[in-house]
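Q: Provided below for reference: sequence and predicted model.
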Amino acid sequence: SFGLSQSTLLQFLALLMFSCFSAAPGQQRGRAERSDLCHDDRGEKYSALDNKYYALGRKYSALGRKYSALGREYSALVNKYYALGRKYSALGRKYSALGKKYSALDNKYNALSRKYSRKYYAQGRKYSALDNKYYALGRKYSALGRKYSALGREYSALVNKYNALGRKYSALGRKYSALGREYSALVNKYYALGRKYSALGREYSALDNKYSALVNKYNALVNKYSAVVNKYSRLQYAFTDNTGTRTQDY
């Protein structure tokens, strides 16, 4: 049973809560209108948290998509990094082999020049000394001239080959240097993207923790809100039962 002051207080509290959460038949209001009339702090906090929950959920999903896209870009760059490394190594081997070939051709070129000069001047001195054997020497000289011409053609061909190989060597050197610069730039990009990827991973983890904490807070607030509603329902039922009993006594 309730004393007079307790009964009066209970009736006032029940009427206040009843006016906020329910109405007489024909005067039912929607949830938004009840919130506007009651100005319940918990309801406002619940709505604000609900908005924050969905906003953070959208941000979480967007960051997840960005994280996945960056992961794909990172994997593609890793593949390109190793592919370029293999190409770079292969070009280095080709560059070294061409350098050896270039050096060998240079040695052959110098040796052929010395051979050509020695034979030419030696034969010239022999021709002057053997003037009485003019015809015999003439035949030998003609043969040597033919050999000399053939050697000259070989010499010219070797010079052309030497120059062509020099141009090829220079072009390969430029290509090698350009690939080295590209390789260095890719290494820098690789490490920069790695740092960006790690930073985004940390941001993603932090947001995941924040998101989980907000979910827990959201669920706790829902449970608290439900408990308040249940408590209100029990109090309303007790008030209604108490009012009916007093009406019979009168």
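A: That came through fine.
Q: when you work out contacts or count neighbours from here on, use the C-alpha atoms and nothing else.
A: OK.
Q: count of residues packed around Ala192?
A: 12 (other CA atoms under 10 Å).
Q: that one: which element?
A: helix 134-249 (DSSP states H and E).
Q: average model confidence for that helix?
A: In this model, helix 134-249 has a mean pLDDT of 72.
Q: ok, Asn216 - how many residues close by?
A: Should you count by other CA under 10 Å, Asn216 turns out to have 12 residues around it.
Q: can you tell me how far it is from Ala238?
A: 33 Å (CA to CA, to the nearest Å).
Q: can you dump the C-alpha atoms of stretch 225-241 in CSV for me?
A: Output of stretch 225-241 as CSV, limited to C-alpha atoms (Å, rounded to 0.1, in the frame of the first residue of the first chain):
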residue,chain,number,x,y,z
TYR,A,225,17.0,2.6,-23.3
SER,A,226,15.1,-0.7,-23.3
ALA,A,227,15.5,-1.1,-19.6
VAL,A,228,14.1,2.5,-19.1
VAL,A,229,11.1,1.6,-21.3
ASN,A,230,10.5,-1.7,-19.4
LYS,A,231,10.8,0.2,-16.0
TYR,A,232,8.3,2.8,-17.3
SER,A,233,5.9,0.0,-18.4
ARG,A,234,6.0,-1.7,-15.0
LEU,A,235,5.6,1.6,-13.2
GLN,A,236,2.6,2.5,-15.4
TYR,A,237,1.0,-0.9,-14.8
ALA,A,238,1.5,-0.4,-11.0
PHE,A,239,0.0,3.1,-11.2
THR,A,240,-3.0,1.9,-13.1
ASP,A,241,-3.6,-1.0,-10.7
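Q: buried set for it?
A: Tyr232, Leu235, Gln236, Phe239 (16 or more other CA atoms under 10 Å).
Q: also stretch 213-223?
A: Buried residues in stretch 213-223 (16+ other CA under 10 Å): Leu214, Val215, Tyr218, Leu221.
Q: make CSV from these and add distance to Arg195 to it.
A: Shown next, in CSV, are these (distance: CA to CA, whole Å):
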residue, distance to Arg195
Leu214, 28
Val215, 30
Tyr218, 34
Leu221, 39
